[in-house]
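1. Please find the sequence and the predicted model below.
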Amino acid sequence: MNAPFNSSESRGGGLPMAFKGDARDLVSALGRIAEPAAGEPAGPNLRDEFFKYLGLALKHRWLLLAGCVSGLVIGFLVTFTSTPIYRATATIKVDLDAAKVVKLDTVDTGGHVDAFRFYQTQKELLRSRSLAERAAGNLDLRDDAGFVNPRPSSSWAKLRRMVFPEKPGEKLDLAQRKAAAAGLIQGGLSVDQAPNSSLMTISFESPDPGWAAKIANAVAENYTEANLERRYGSSKYARKFLEEKLEDLKVKLEDSEKALVAYEDKEQIINTKVGKEQQPLADSDLAALNAALQQTRTERIRAQELWEQAAKNKGLALPQIVNDKSIAVLREKRAILASDYQDKLAVFKADYPDMRRLKAQIAQMDAEIDRAVSFVTGSLKSQYDSLLQQEELLQKDIEKARTRVLDGRNKNIQRQILQREADSTRTLYDGLLQQYKDLGVAGATGTNNVAVIDLAQPPGAPYKPNLQKSLLMWLVFGLLGAGAVVGWLEIMDDTFKSPEDIEDRLGLAVLGLIPRAEEDIFESLRNSPVSPICESYRSLRTALQFSTSNGLPKTLVVTSPNPGEGKSTTSVALAINFAQLGMKVLLIDADLRNPSAHRLLGREAERGLTNYLVGGAIAPDVLQETDVSRLCFMASGPLPPNPAELLAGQNMAKLLSSASENFDVIIIDAPPVLGLADAPLLASIAAGTLLVLGAGESRRAIGKAAVKRLHFARAQMVGVVLNKFDMRAANYAYHSYGYGALQYYGYGTKSAPKAIANQI
C-alpha cells in the first residue's frame with residue numbers, strides 16, 4: 001500500500017484469459033449491437049408486438065385481474081337484481097302470392113315482385129303502430145293497469161320504489177292508455193325471418209310469461225286478419241271504381257254508335273260485310289265490275305286468238321273444227337269415197353260414168369265440209385264480237401263506279417272516324433266489364449297469403465337475464481375497462497421502460513439490462529457467480545469492452561440523471577466484475593455531496609478524494625484495499641462546501657492521468673447530472689461516460705436533458721444501462737440482451753455445473 005501506483009503486478013494490456021472463456025457474454029453483446037441480418041426486418045414484427053402486449057399484461061396483471069373481478073361482481077349483481085323477462089314466439093307463413101282457387105284471366109299490374117322488398121314491407125307492417133293498437137284493443141290492454149303500469153318485479157326495482165316512492169300522477173284518459181299500450185307492444189315486439197324461407201317469427205318480451213304469449217298470438221292473428229281485410233278492401237274499391245267507369249263508358253258508347261248511324265243515314269252510306277270487315281257498297285260494286293271486266297277481257301282475248309287462227313288457216317287446225325262430230329262424219333264419208341275412187345281408177349277410166357259419179361260425190365262432200373267449217377268459223381267471229389262489246393260496256397260501267405267510289409271515300413272519312421271511336425269505346429267497355437266480372441269471382445273465392453303455423457306458448461323460463469351471458473359480457477367490459485386504464489397509465493407514464501424506448505428517444509445504445517434484485521447484489525457477486533444478476537453485470541462488462549473502437553475506456557464515469565437510480569451500485573458491481581476478470585481496477589467515489597460507495601464496499605470515508613484534491617494527501621495514502629482481489633477503492637473523503645470547484649481543478653485530471661498508468665480501468669462514481677455541475681465536469685475529462693437509468697423511474701424529459709448536458713460538456717457517451725428492469729412484467733422478447741440464454745445454459749439454476757461456476 002505504500003506505492004500502489006508503482007506496483008510491478010501485470011496490468012491488463014489486452015483481453016485476459018478469463019474473458020476468452022466468457023463466450024456467452026460476447027455472443028449476447030454482439031447479438032445486441034450488430035445490425036440486422038440481410039432479409040431480416042428492421043422494425044418490430046408480429047412476435048415482438050405480441051410479447052410487448054404480453055409484457056404490459058404481466059406488468060399490470062393485478063389491475064387487469066381487478067377489472068375482471070369487478071366485471072364479474074357487477075354482472076352477478078346485475079343478473080340477480082334485474083327483472084326476469086320472458087319471451088314467447090309465434091310462427092307465421094307469408095307467401096308472395098295467395099293461392100288461386102279459381103283461375104282468372106286478369107291483367108297483372110303489379111309486375112315482378114321483389115322478395116326482399118316484400119318481406120321487409122311485411123316486417124314493418126308487423127311492427128306498425130296500427131297493428132299494435134289493433135292487438136291492444138282486442139286484448140283490452142288499455143284497460144289493464146297491470147300491463148300499462150306494471151309493478152316492479154326485481155329486487156332492485158322494489159328497493160328503489162321503496163326508497164323513492166312514485167308520486168301519484170294524473171289518471172290517463174282512453175286515448176293515452178291506448179297509446180301507452182300500443183307503445184309497450186311495439187317496444188317488446190321483435191320480428192325475424194328464417195333464411196331462405198317464407199316463415200316469420202313474431203316474438204314478444206314481457207315480465208309476465210302469460211302476457212308474452214297472448215300478445216305474440218294477438219299480433220299474429222290480427223296481422224292475418226288485417227292482411228285479408230286489405231285484400232278484400234282493395235277488391236271492393238276496385239269493383240266500385242269499375243262500376244263508375246262502366247257507366248260512363250256505356251253512355252259514351254251509345255252516343256258514338258248513334259252518331260255513326262245518323263251520319264250513314266244522312267250520307268246514304270250502305271256497307272257490305274266482306275269477311276270480318278264492313279265495306280261501302282260502291283267499293284263492292286267497283287270490285288265486282290273489275291272482276292267481271294278481267295274475266296270478259298280474258299275470254300275476248302282467247303276468242304280473238306281463235307278467230308285470227310281460223311281466218312289464217314281456214315280453221316282446219318282449230319280444236320273446235322277438229323273435234324266437231326259432224327265435220328268428222330263428213331270427212332270420214334269423203335275418205336271412203338276417195339278410197340273407193342282410187343280403187344276403181346285402176347280398173348276404169350276417169351270419164352267412166354261411175355267414176356264421174358264418185359268424183360261428183362267427193363266434190364259434194366268437200367262442199368259440205370267447207371260449209372260446216374265456215375259455220376264454226378263464223379260462230380267464233382260472233383263470239384269475239386260479243387265479248388268485245390261486253391268489254392266496252394264493262395269499261396264504261398267501271399268508270400261510273402270509280403266516280404261513285406271517289407265520292408263515297410270523301411264521305412267515308414268522317415264515317416271511319418266515328419267508327420273508330422265507337423270501336424275503341426266498345427273494346428274498353430268490354431275489357432272493363434270482364435275485369436268487373438273477374439273481381440266479383442275473386443272477391444267471392446279470395447284466399448289469404450298469410451297463415452299462422454305455430455301459436456306462442458307461455459315460456460317456462462326467463463329469456464333474460466342469462467347468468468352465463470351476463471357474466472361473460474361484464475367480464476369483457478371489466479377487462480376492456482382495465483385495459484383502458486392500463487393504456488391511460490402507459491400514456492401518462494413518461495418513464496423509460498424498455499431498451500427500444502431509450503434507443504429511440506436518446507439515440508444511445510443500451511449496453512445492459514440489470515434486473516431488479518431481490519437479494520444482496522454484492523453477496524451474489526462474491527458467492528453466487530451464476531445468479532441472473534451476476535450474468536447481467538457480466539453482459540454489461542462484455543458490452544463495455546466493445547463499446548468503443550479502442551475497446552474498454554480507460555476512465556469510465558458512471559452517472560445518472562437523478563439520485564436513487566443505481567449509479568453507485570452499478571459502479572461497484574462493474575469494478576468487482578472487471579477485477580474478477582483479472583484486471584487492476586480503481587474505483588473512485590467522486591460523489592462529494594452524497595457518497596455511498598464506501599457503504600456498499602464496507603469501507604471508511606474519512607479520507608479520500610477530497611483530501612487529495614485540496615492537496616492534503618497524496619494518492620497512495622487515500623487508497624483502500626477491498627475484499628476483492630485487484631480492486632482498489634478511493635472514498636470521497638470529507639464533504640467539501642465547493643465540490644464543483646475541486647473537481648474542475650487540475651488535481652482531478654492529474655489523478656486520472658497517473659492512475660491510468662497503474663490500473664487497467666478506472667471507474668468513477670459521479671453525482672447525478674441534473675442540477676449539479678459535477679457529473680459534466682468529470683465526463684469532460686474521462687474517456688467514456690456510462691449513463692444509468694432506472695426502469696420505470698427515469699422520466700423521458702429528464703433523461704433527454706441529462707444527455708443534452710453531457711453532450712454539451714463534450715462527454716464521450718458509451719451507452720446506457722437500464723437498471724431495476726423487471727423481466728416478469730416486461731417484454732419477453734429481450735433475449736437479445738442475454739437473458740434468454742441464462743436458463744438455456746443453466747445459469748442461475750441449482751443444476752449449473754460447478755466447472756462453469758469456477759471458470760467465471
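-> Thanks, I have the structure now.
2. can we go C-alpha only for contacts and neighbour counts from here?
-> Will do.
3. Now do T272, the pLDDT please.
-> As predicted, T272 sits at a pLDDT of 59.
4. State the mean pLDDT of the longest helix anywhere in the chain.
-> Identified as the longest helix of the chain according to DSSP state H is helix 353-445. Mean pLDDT, computed over helix 353-445, is 75.
5. elements contacting it?
-> Under the contact definition 3 or more CA pairs under 8 Å, 6 or more residues apart in numbering; DSSP states H and E, helix 353-445 sits against helix 209-267, helix 281-313, helix 319-322, helix 325-345.
6. Include distance to A180, mean pLDDT and mean neighbour count when you put those into TSV, please.
-> Below are the helices and strands packed on helix 353-445 laid out as TSV (distance: least, CA to CA, whole Å; pLDDT from 0 to 100; neighbours: other CA atoms under 10 Å):
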stretch	distance to A180	mean pLDDT	mean neighbour count
helix 209-267	15	78	17
helix 281-313	81	75	17
helix 319-322	113	62	15
helix 325-345	119	77	15
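7. Among those helices, which comes closest to S382?
-> S382 sits nearest to helix 281-313 of all those, at 9.3 Å, using CA to CA.
8. just to revisit the earlier point, what angle separates the longest helix of the chain from helix 325-345?
-> On the basis of axes from the mean of the first three to the mean of the last three CA atoms, to 10 degrees, helix 353-445 is oriented at 150 degrees to helix 325-345.
9. The nearest residue to P465 once chain neighbours are set aside: how many residues sit nearby?
-> In space, and not counting its chain neighbours, P465 is closest to T79: 5.7 Å by CA to CA, 6 or more residues apart in numbering. T79 has 20 neighbouring residues, counting by other CA atoms under 10 Å.
10. just the CA coordinates of the helix or strand harbouring T79, formatted as CSV?
-> For T79, the host element (DSSP states H and E) is helix 61-81. Below are the C-alpha coordinates for helix 61-81, written out as CSV (Å, rounded to 0.1, in the frame of the first residue of the first chain):
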residue,chain,number,x,y,z
ARG,A,61,-51.7,-8.1,-14.1
TRP,A,62,-53.3,-7.1,-10.7
LEU,A,63,-55.1,-4.2,-12.4
LEU,A,64,-56.4,-6.5,-15.1
LEU,A,65,-57.4,-9.1,-12.6
ALA,A,66,-59.2,-6.4,-10.5
GLY,A,67,-61.1,-5.3,-13.6
CYS,A,68,-62.1,-8.9,-14.4
VAL,A,69,-63.3,-9.5,-10.8
SER,A,70,-65.1,-6.2,-10.8
GLY,A,71,-66.8,-7.1,-14.0
LEU,A,72,-67.9,-10.5,-12.7
VAL,A,73,-69.2,-9.0,-9.5
ILE,A,74,-71.2,-6.3,-11.4
GLY,A,75,-72.5,-8.9,-13.8
PHE,A,76,-73.6,-11.1,-10.9
LEU,A,77,-75.3,-8.2,-9.2
VAL,A,78,-77.0,-7.0,-12.4
THR,A,79,-78.2,-10.5,-13.2
PHE,A,80,-79.8,-11.2,-9.8
THR,A,81,-81.3,-7.7,-9.4
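11. Would you agree Y86 falls within a helix?
-> No: assessed with DSSP: H, G, I helix; E, B strand; the rest coil, Y86 is strand; it does not lie in a helix.
12. Contact partners for it?
-> If a contact means CA atoms under 8 Å, 6 or more residues apart in numbering, then Y86 has 205-209, 212, 459, 461-464 as its contacts.
13. Against T224, how distant is F118?
-> Separation of F118 from T224 (CA to CA, to the nearest Å) stands at 16 Å.
14. now the helices and strands packed on helix 353-445 in JSON lines, with distance to F712?
-> Output for these, formatted as JSON lines (distance: least, CA to CA, whole Å):
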{"stretch": "helix 209-267", "distance to F712": "80"}
{"stretch": "helix 281-313", "distance to F712": "124"}
{"stretch": "helix 319-322", "distance to F712": "146"}
{"stretch": "helix 325-345", "distance to F712": "156"}
